[in-house]
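make a model of this:
(chains A, B, C and D, ligands or ions: 4)
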Amino acid sequence: MPDTPPGNTPYAVRAYRPEALREALRKMLLIRKFEEGAEECYMRGLIHGTMHLSIGQEASAVGACMSLGDDDKITSTHRGHGHCLAKGAGVDKMFAEFFGKETGYCRGRGGSMHIADVAKGNLGANGIVGGGLPIAVGSALSAKRLGTGAVTVCFFGDGANNEGAFHEALNMASIWKLPVIFVCENNRYGMSVPTERSTAVKNIADRAIAYAMPGVTLDGNDFSAVAEAVDGAVARARAGDGPSLIENVTYRTRGHSRSDRNRYRSRQEIALWTERDPIPRMAKMLVSHGVMTEDDVEKMEAAAADEIASGIEAARSAPEPGVEDATRDVYTVHSEAME
Amino acid sequence: MPDTPPGNTPYAVRAYRPEALREALRKMLLIRKFEEGAEECYMRGLIHGTMHLSIGQEASAVGACMSLGDDDKITSTHRGHGHCLAKGAGVDKMFAEFFGKETGYCRGRGGSMHIADVAKGNLGANGIVGGGLPIAVGSALSAKRLGTGAVTVCFFGDGANNEGAFHEALNMASIWKLPVIFVCENNRYGMSVPTERSTAVKNIADRAIAYAMPGVTLDGNDFSAVAEAVDGAVARARAGDGPSLIENVTYRTRGHSRSDRNRYRSRQEIALWTERDPIPRMAKMLVSHGVMTEDDVEKMEAAAADEIASGIEAARSAPEPGVEDATRDVYTVHSEAME
Amino acid sequence: MNAESSVRGEVHELSYAESIRDAMDIALGSDERVVLMGEDIGVYGGAFQVTGSLVHKYGEDRVMDTPISELGGAGVAVGAALTGLRPIFEFQFSDFSTLAMEQIVNQAAKLRYMLGGAVSVPLVMRLPSGSGTGAAAQHSQSLEAWYGHVPGLKVAQPSTPRDAKGLLLAALEDPDPVLIFEHKLLYKMKGPVPSGYYTTPIGKAAVRREGTDLTIAANSIMALKAEEAAKTLADEGIDAEVIDLRTVRPIDRETVLASVRKTGRLLCVYEGVKTLGVGAEVSAMVAESDAFDFLDGPIVRLGGAECPIPYNPKLEEAVVPQVPAIIRAARDLANGAI
Amino acid sequence: MNAESSVRGEVHELSYAESIRDAMDIALGSDERVVLMGEDIGVYGGAFQVTGSLVHKYGEDRVMDTPISELGGAGVAVGAALTGLRPIFEFQFSDFSTLAMEQIVNQAAKLRYMLGGAVSVPLVMRLPSGSGTGAAAQHSQSLEAWYGHVPGLKVAQPSTPRDAKGLLLAALEDPDPVLIFEHKLLYKMKGPVPSGYYTTPIGKAAVRREGTDLTIAANSIMALKAEEAAKTLADEGIDAEVIDLRTVRPIDRETVLASVRKTGRLLCVYEGVKTLGVGAEVSAMVAESDAFDFLDGPIVRLGGAECPIPYNPKLEEAVVPQVPAIIRAARDLANGAI
Ligand SMILES: Cc1ncc(C[n+]2csc(CCOP(=O)(O)OP(=O)(O)O)c2C)c(N)n1
Ligand SMILES: Cc1ncc(C[n+]2csc(CCOP(=O)(O)OP(=O)(O)O)c2C)c(N)n1
Ligand SMILES: [Mg+2]
Ligand SMILES: [Mg+2]
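Ligands and ions are numbered 1, 2, ... in the order given. Sure, this is the predicted structure:
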């Protein structure tokens, strides 16, 4: 996957204002630092449960959200930290959630696997592989019926593409021409199983034809390529022309989750993909096109690290939910009969 | 859909011995008479519940079973009478089942929607649309692992192709290269909904590409075309080359079930397809290629009618299951604790 | 007991199916956000003709035929409910909800809680349920107990045309997911139904008949059978109180306990499989309450037999409680023969 | 009570996970028809490392990684069981069985009956279950009550390494579908396990502790918590009998009733949601039996709270029964304070 050939200005540099590009890089850095911070907290025993890191996949999350506003929706996955931050969530409330605190996005009830920021249009991560696919279609149905003009970006993994929910969701989105963009983050593995062993086709996007929608496979570590494809699909969706399937080929350099023993892939493979890190690549693009200097990038990285550190500090000292409130929020209107 | 051009000997006439061809026509006639008989019994109040008639679809059932032996399996659907007879079931035990009798294939527990003849390799009709798809894949897995050489033909409808089970089943069959043939009987409607309104692609077989398997759409009322396609797929499966998807475009001239009020299609459409009846077409082919005479056909039809009449009579007088046995056969080994 | 919201309209005789259609018509007519979704609910009018001709009045955008995709369809309804629509989702048979449990149980029921109260999922699902139609094991189940086990859901089971409408309108007012199990054998049954808007509260049982000798707590069609049984029992001098549970989640604890405190005897009648069915909860709820001290005999359950529903009509009848069996059980209980 | 089949081998300390693996190893080694199916059960060794390195011993054809396709995977297992294989299907978490209920409930459980006895479906499914791992609402459910409600299935819940192996081998001998709910918190727990082949009967509870003052009937990990509680109670002079149900379908009626006839008091402890959970059935089963007459007080249930499982660890702990709560409830019951 070569860099953009010199002389050609990449789509992103042409399409976005410098502030927007800098903000995109900032978000990618923030996601990286966020996850490194979360991982460290986990290893220090400060966070429990499990978590799925998207380190190496930041271009996909941020690129796909470039042309979305707060009214546009996303549905996310178990590997959803990047999506959440890309859609505008704050570090503090995210860490508070990871620490199980009352001040977290889910008041400590959801944790990493259910991280959401509804105000910013993130309808939530999902612990069920493929669970978000039909929900995204429903969100797009609301937009169409209520005439809000909103689009929904549905993130899902390569593994999820073998769930029946994928098939049913894409088919309905297509027949009803709904404003939804299916963004497959193909990081080559569903847990331990490589796509070649789980999936009958080479590229997930090859399946778009079965739903009569455009499908494209692209270098998911190339921010500009992702943004370009998704922007096009968003425009198509807003114009009423229906859904698209975009496959971002990428890689998670960490294990599947905290309990991965890394028995299914080689160190060489991981090293290879570590070199394809989307963040330096994005930084290089912005520097080489004069959007920012290397010094700016360093400062930005340092600022992100600071933001993470203070987010962790704030979360640690935030209040826990009260045990007496354990059964709150099961229903919208609380009633004795339901306890 | 024109007849086979004169001068070309159709595949079926080339591939099968005359006895086999006559037997095929006999089965098609038997299916037709069986269903007409069952319908009449239903209208006279002799059969309860509901039933789904496949009148007009006989070429698909019989053509698809031409090269199957008793060791080969099929999975069938709610519209399964034709499949059952095509795979070798007897009229008497089928009618006995429809009449809810102890002598029926399911001892009166299953009825039309669960008709099965396991000894002949029919693993059963299914009340769940798409329910048979993964089961067929499992059957093919057994054949491959146990080295039986058997193939499994999985019948399903156009409506079923939008179930997640379709997607999951075809994908697994493909990645494991299993000896299974997916035969879609596209009769243009899933209950009342035409495929154009339910399915994003024009032909169901267009979806084969999403599972990297061969897919073909053909005139499902042309016995020879069906037999040719399925024979090829069976050979491929037996050779270890994996699954195929075959779409037989056909039509049910009756309503979806006994409670259909026919609000969703025109009389003209029904009349058009009634003219495309696969049975006279098959008869004509056999007569024109000297396999049998018109007189033979008439005699065969009369014999089929007789067989049906006596099957109905036998079923009417067969014994009912005893109420005390209602909870028998829930488990293979009966135990008090399970009641 | 029957704490319906104020009813202004006149009362007409409607069938259970017509009454449900009336509720949907009112909802579609008064709230743009309401959409119906399901298989063959458009021109076909629904497998049980419940939606009828509503598609002609409201169009295909409001009365949406879905593909045969129960999991996806339910998930679309969840996503739509989450983002501003008020879907009423019809399963053709409650049995097919087995395909959609992921979305119902993991998503619809839990989203609000998992997100710390940030969302609601105002979703109504309608599930034609029960045996008696000769449709055999995969089209005849009574699965309400499963859903009654799931916090985040509400589960109702109307047994009269009047309640069918009132509970559906109440479900639509409810900000959380409500599953309504409709009994297929009731669709053609007629009864008085007020015209216009009213709601029947979710979580309130109805005392269908007052009595002093024993309490029969039943759900869905079994409430009607219990009423019928009670008439015969009355002729024998046994005065049964009949409670129609109407909702399984939440169960109306107070109404049941009050009755048992009065009668001292409890018979639970339900069509679902006996083991772990609705009657198990009713029994356990009483046995752990103060009403236990009022019990003059064991708590008897009449539930569905421990087998799938058979096709043969005599067998089918034999495996679910029928009026004579209810009479026998009630008589034995009242006479202390149990 | 613990009517294991004759055990010849020596006894070793194994973890619950190792013991399950041992059972699968024996089965794979002795019966060509046995195949394991599931997500990431091959080189990954299973989400909970239960299959471990079996793939290296038996190869990918016998230890099959499936795509992430629970419905299809379960259906493939059903079809394979129907036609000669003996699949052991692993769900990564029991919560994901919500996607496969159609195949489990409509097909596996009913095929034999619907076909009038013409087939059997010798299928074993393993479902890691329960809370306590900080995995929140969609990865922590206890859903055994749903499956216990379904005729045609058998449902087991081992609480010790020894039973985990014996029940799995018994399930493999069984010609009908058996679901085994394994508690995730137990996988690392060690205990004595006989080597070689033996079976633990499906349908037999184990009396873990004999006692005279009250009966505590519990399932899965709750049986261990009940044993722990019983020790403290004994110090207080309360002599509790602890029954580990071990199977939910069929429930061992006789063992429970005999105990209640002796003690006169019953406390049901289970992790699943209280309403319509396993304890509801145990309670109702006793309340309708002759043992009712022996009851000296209400039947008390301690079940999971009426909410999804929360992420926060303190909340998570609070919403399922813990030892102190069991002690309190047992004490109150034994002292007649309830
Ligand atoms: C329905 C369901 N099945 C299985 C799992 C367990 N699981 C969690 S993530 C995962 C792999 C998903 O792969 P993919 O969709 O490619 O996403 P990735 O983890 O690679 O980002 C699995 C099997 C689950 N959470 N939900
Ligand atoms: C899972 C499921 N959903 C819905 C139904 C109700 N139903 C029975 S047949 C049918 C139409 C099936 O269409 P198709 O697969 O095309 O078969 P056809 O009836 O046309 O032969 C429907 C919706 C069902 N039985 N199972
Ligand atoms: Mg992946
Ligand atoms: Mg069709």
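
and the residue found closest to A:V13 once you drop the neighbours it is linked to in the chain, what is it in contact with?
Distances taken as Cβ to Cβ, 6 or more residues apart in numbering or on different chains place A:H289 nearest to A:V13, at 4.7 Å, with adjacent residues excluded. Where you see a C-beta, it was placed from the backbone N, CA and C, and this is true even at glycine. Residues near A:H289 by Cβ atoms under 8 Å, 6 or more residues apart in numbering or on different chains: A:9-10, A:13.

looking at the residues you listed, spot the one nearest A:A271.
Closest to A:A271 out of the contacts of A:H289 is A:P10 (26.2 Å), distances taken as Cβ to Cβ.

so what's the residue count around that closest one?
A total of 20 residues lie near A:P10 under the criterion other Cβ atoms under 10 Å in any protein chain shown.

do A:R267 as well
Per other Cβ under 10 Å, the neighbour tally for A:R267 reads 8.

what's the answer for the one 4 residues further on, then?
The number of residues packed near A:A271 is 10, by other Cβ under 10 Å.

across the sheet, point out what pairs with the spatially closest residue to A:V193 that is not a sequence neighbour.
For A:V193, ignoring the flanking residues on the chain, the nearest one in space by Cβ to Cβ, 6+ apart is D:D65 at 5.2 Å. The partner list for D:D65 in beta bridges (DSSP bridges) reads D:G38.

show the contacting residues for D:D65.
When contacts are counted by Cβ under 8 Å, 6+ apart, D:D65 touches A:192-193, A:197-198, D:38-44.

so which of those belong to helices?
Using DSSP state H, A:197-198 are the members of the contacts of D:D65 that sit in helices.

just to check, C:V119 is in contact with A:A119?
No - with contact defined as Cβ atoms under 8 Å, C:V119 and A:A119 do not form a contacting pair (10.7 Å).

confidence score at A:D3?
Turning to A:D3, the model gives it a pLDDT of 47.

revised request: answer the last question for A:R261.
Per-residue confidence (pLDDT) for A:R261: 89.

how many other residues sit next to it?
Other residues near A:R261 number 12, with proximity taken as other Cβ under 10 Å.

any idea how far it is from A:L53?
If you measure A:R261 against A:L53 using Cβ to Cβ, to the nearest Å, the figure is 15 Å.

the more surrounded of C:V119 and A:A119?
Higher neighbour count among C:V119 and A:A119: C:V119, with 21 against 11, using other Cβ under 10 Å.

for the more buried one, give its distance to ligand 3.
27 Å (Cβ to the ion, to the nearest Å).

and that residue, helix, strand or coil?
Of the three states, C:V119 takes coil under DSSP: H, G, I helix; E, B strand; the rest coil.

got the contact list for C:L167?
The neighbourhood of C:L167, defined by Cβ under 8 Å, 6+ apart, consists of C:156, C:158, C:180, C:199-200, C:202, C:246-247.

ligand 1: which of those is nearest?
Compare each of the contacts of C:L167 with ligand 1 using Cβ to the nearest ligand atom and the shortest gap goes to C:I180, at 27.2 Å.

ok, residue 258 - how many residues close by?
Using chain A. A count of nearby residues for A:R258, using other Cβ under 10 Å, gives 17.

switch to chain C, that's the one I care about
16.

tabulate the contacts of D:D65 (a markdown table), appending pLDDT and neighbour count.
Output for the contacts of D:D65, formatted as a markdown table (pLDDT from 0 to 100; neighbours: other Cβ atoms under 10 Å in any protein chain shown):
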| residue | pLDDT | neighbour count |
| --- | --- | --- |
| A:S192 | 98 | 24 |
| A:V193 | 98 | 24 |
| A:R197 | 98 | 16 |
| A:S198 | 98 | 23 |
| D:G38 | 98 | 25 |
| D:E39 | 98 | 27 |
| D:D40 | 98 | 24 |
| D:I41 | 98 | 28 |
| D:G42 | 98 | 25 |
| D:V43 | 98 | 18 |
| D:Y44 | 97 | 24 |
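
same list (the contacts of D:D65) but as a markdown table, adding distance to ligand 1.
Putting the contacts of D:D65 into a markdown table (distance: Cβ to the nearest ligand atom, whole Å) gives the following:
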| residue | distance to ligand 1 |
| --- | --- |
| A:S192 | 9 |
| A:V193 | 8 |
| A:R197 | 12 |
| A:S198 | 9 |
| D:G38 | 10 |
| D:E39 | 5 |
| D:D40 | 6 |
| D:I41 | 11 |
| D:G42 | 13 |
| D:V43 | 14 |
| D:Y44 | 10 |
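
C:D296: what secondary structure?
For C:D296, the assignment made with three-state DSSP gives coil.

just give the closest residue to it, not the sequence neighbours.
Ranked by Cβ to Cβ, 6+ apart and with sequence neighbours excluded, the top spatial neighbour of C:D296 is C:G264, at 3.9 Å.

for the one you found, give me its contacts.
Contacts were defined as Cβ under 8 Å, 6+ apart; by that measure C:G264 touches C:214, C:294-297.

now do the SS call for the residue sitting nearest the centre point of chain A.
For chain A, the residue lying nearest the average C-alpha position, counting by Cα atoms, centre = their mean, turns out to be A:H83 (2.7 Å). Taking three-state DSSP as the rule, one finds A:H83 in the helix state.

could you pull out the strands for the stretch 201-339 of chain A?
Listed in chain order, the strands of the stretch 201-339 of chain A (DSSP state E, counting those that start in this stretch) span A:215-219, A:244-249.

can you pull out the low-pLDDT segments for chain C?
By pLDDT under 70, the low-scoring segments of chain C are C:1-3, C:6-8.

work out which residue lies at the spatial centre of it.
C:Q157 (1.0 Å).

okay, now residue 211: neighbour count?
By default, I'm working from chain A. 27.

think we crossed wires, I meant chain C
Other residues near C:G211 number 20, with proximity taken as other Cβ under 10 Å.

contacts only, for the closest residue to chain B within the stretch 1-150 of chain A.
As assessed by Cβ to the nearest Cβ, chain B sits closest to A:G130 within the stretch 1-150 of chain A, at 9.0 Å. Residues in contact with A:G130, defined by Cβ under 8 Å, 6+ apart, are A:156, A:160, A:163-166, D:68.

just put the residues you listed in TSV and tack on distance to C:A136, secondary structure and neighbour count.
Converted to TSV, the contacts of A:G130 look like this (distance: Cβ to Cβ, whole Å; DSSP: H, G, I helix; E, B strand; the rest coil; neighbours: other Cβ atoms under 10 Å in any protein chain shown):
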residue	distance to C:A136	secondary structure	neighbour count
A:F156	37	strand	28
A:A160	35	helix	25
A:E163	29	coil	31
A:G164	25	helix	31
A:A165	28	helix	31
A:F166	32	helix	29
D:I68	32	coil	27
